[in-house]
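**Student:** What follows is a protein structure lacking sequence information:
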């Protein structure tokens, strides 16, 4: 049979289980530490994305202002052009039919 008594083998198994337990505890503490750091990084990234999102909102607002001003300017240029063409046509008609 076996050369070691049963109590010695059980003590050896208990020692091995204690080592496994210590290693698992160490791994759990490291994972908790990593989890805490990841939560911190996640919160920081979320704050940065919110800041970027607010900047995009500001940029969209500025582009809306530019669009409105461009449309107004385009309307003014077209109105002036139509007025000049109408005046030119009126002058030409007056010269042609002035008899």
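**Tutor:** Looks like it arrived, so ask away. Keep in mind that this is a model prediction, so the values were computed, not measured.

**Student:** in which helix or strand would I find the most centrally placed residue in the chain?
**Tutor:** Central residue of the chain (Cα atoms, centre = their mean): residue 49, 4.6 Å from the mean position. Using DSSP states H and E, residue 49 maps to helix 6-96.

**Student:** Centre of the chain to that helix, how far?
**Tutor:** Computed by Cα atoms, centre = their mean, to the nearest Å, the chain-centroid distance of helix 6-96 equals 2 Å.

**Student:** can you list the weak-confidence ranges in this protein?
**Tutor:** Applying pLDDT under 70 to the chain flags the ranges 1-4, 99.

**Student:** try it again with 50
**Tutor:** Scanning the chain for pLDDT under 50 picks out 1.

**Student:** What's the separation between residue 94 and residue 46?
**Tutor:** 72 Å (Cβ to Cβ, to the nearest Å). C-betas here are computed from N, CA, C, even on glycine.

**Student:** typo on my end, it should be residue 8
**Tutor:** Using Cβ to Cβ, we find residue 8 at a distance of 57 Å from residue 46.

**Student:** do the same with residue 16
**Tutor:** For residue 16, the distance to residue 46 - Cβ to Cβ - is 44 Å.
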